[in-house]
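Visitor: Mind looking at a prediction? Sequence and model below.
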Amino acid sequence: MPGPSNNKKRARGRANNYKRKSTNLPKPQPTRFHGSTTPSPPSSPSPPSPKTPPPLLAFELPYEHKKLCPVLDEEVSRTVEEVMSQPPFIHDPGNGPRVRDARAFMGSFFAQPPSLDDPLCAEFAQDEVLQMLSTVLPEETALILWYNKSRSKSRICPSCQRLYRLGDALQDLVDEDPEPDKPRSPQLLLEQEISGLCSPVCFVLASFNYPSAIKLAWGRMADEMDDSTWELLNGPGVGVAENETNRTLGMLVRMTRLHDLGLAQLCFGVEEASLLQVAQSELASLSISDS
């Protein structure tokens, strides 16, 4: 019959069986670390491999646009070829940059803006002044003269087309080894401001048809010359090596001797312009006497 003693015997048998099974299990071996007794942190799980996105669907142009593509490609290639084949509008032969194309230069960032803070430069900066200059001078020379008169510091030489600023130490066009401490002539600085002609050589070339007036007109305005010198500049010239370039540069020398470039004669005529000059001289003399 089952009783309390039998239950105890069964419980002892189960405990002995559990001990036998636990002794038969393999014992865990301790982990050995090389060079360090600190266990390494658990490694982070590897990121998932990127999946390849599905291919994009091809974009189909409308039929009308497909017909325009060859035309646009041809126009773009023609434009690029024209731009690449054009010579640069500025080049440097070794003694200073030269402006080859005045019109292209005016539209570039190399050109200085008009000096509108200077009243005289602001007057010359008007488009009407450029239009009047273009009626008596070729376009290239008219643009250069208009640029020089509407900028206070930047200059383009009308003869050699050198680009410079007033006060720059310019390399000599003739002497390859100039003296480093050679002082600059004050007449040269005045002539650069008056006409933009950058050197004595350029001034001689510009006034080549008026050899007797070269020395007396160098760096001077008309009101600083005597009457005979001014008559020489307004005369026909000697005609030495007469060509269009000499005539244009000679006219530029005459025009730049006048404060208004002689534009008053274009607006009012010769008689009205002379009366205006007389009135201006009388006003100037009255102001001097009042002071």
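Guide: Nice, I can see it. Numbering: from 1, shown residues only.
Visitor: Could you pull out the buried residues of the helix or strand hosting Arg247?
Guide: Arg247 belongs to helix 244-256 when assigned by DSSP states H and E. In terms of neighbour count (16 or more other C-beta atoms under 10 Å), helix 244-256 has its buried residues at 246, 248-256. Placement of C-beta: from N, CA and C, glycine included.
Visitor: Show me what that helix is packed against.
Guide: In terms of contact count using 3 or more C-beta pairs under 8 Å, 6 or more residues apart in numbering; DSSP states H and E, helix 244-256 is assigned the packing partners helix 139-150, helix 200-206, helix 227-234.
Visitor: out of these, deepest packed?
Guide: Ranked by mean neighbour count, the helices and strands packed on helix 244-256 are led by helix 139-150 with a mean of 21 (mean count of other C-beta atoms under 10 Å).
Visitor: I'd like the mean pLDDT over the next helix or strand after that helix, please.
Guide: Past helix 139-150, further along toward the C-terminus, the next helix or strand under DSSP H and E is strand 154-156. Summarised as a single mean, pLDDT over strand 154-156 is 96.
Visitor: just checking, what packs against strand 154-156?
Guide: Secondary elements touching strand 154-156 (3+ C-beta pairs under 8 Å, 6+ apart): helix 139-150, strand 163-165.
Visitor: quick one, which of those is nearest to Val238?
Guide: Distance to Val238, taken as C-beta to C-beta, is lowest for helix 139-150 among the helices and strands packed on strand 154-156, at 21.4 Å.
Visitor: report the angle between the axes of the closest one and helix 244-256?
Guide: Using axes from the mean of the first three to the mean of the last three C-alpha atoms, to 10 degrees, one finds that helix 139-150 and helix 244-256 are set 20 degrees apart in direction.
Visitor: now helix 139-150: mean pLDDT?
Guide: Within the predicted structure, the mean pLDDT of helix 139-150 is 96.
Visitor: At which residues are the helices of this protein located?
Guide: Per DSSP state H, the chain carries helices over the ranges 4-24, 63-85, 102-106, 119-124, 127-136, 139-150, 186-194, 200-206, 214-217, 227-234, 244-256, 263-290.
Visitor: Just list what the shortest one packs against, helices and strands only.
Guide: Using 3+ C-beta pairs under 8 Å, 6+ apart as the contact definition, the elements that helix 214-217 packs against are helix 227-234.
Visitor: ok so, going back, the helix holding Arg247 to helix 127-136, inter-axis angle?
Guide: If you take the same axes, to 10 degrees, helix 244-256 sits at 140 degrees to helix 127-136.
Visitor: where does the stretch 1-150 of the chain dip in pLDDT?
Guide: Segments of the stretch 1-150 of the chain classed as low confidence (criterion: pLDDT under 70) are 1-86.
Visitor: Ser185 and Glu191, how far apart?
Guide: For Ser185, the distance to Glu191 equals 9 Å [C-beta to C-beta, to the nearest Å].
Visitor: what does Arg103 give?
Guide: Computed as C-beta to C-beta, the Arg103 to Glu191 distance reads 25 Å.
Visitor: quick one, which of those two is more surrounded?
Guide: In terms of neighbours (other C-beta atoms under 10 Å), Glu191 is the more surrounded of Arg103 and Glu191; the figures are 24 against 10.
Visitor: Excluding covalently adjacent residues, which one is nearest to the more buried one?
Guide: What sits nearest to Glu191 in space, not counting adjacent residues and going by C-beta to C-beta, 6 or more residues apart in numbering, is Gly219, at 4.4 Å.
Visitor: that older thread, got the angle for the helix holding Arg247 vs helix 227-234?
Guide: Angle between the axes of helix 244-256 and helix 227-234 is 140 degrees (criterion: the same axes, to 10 degrees).
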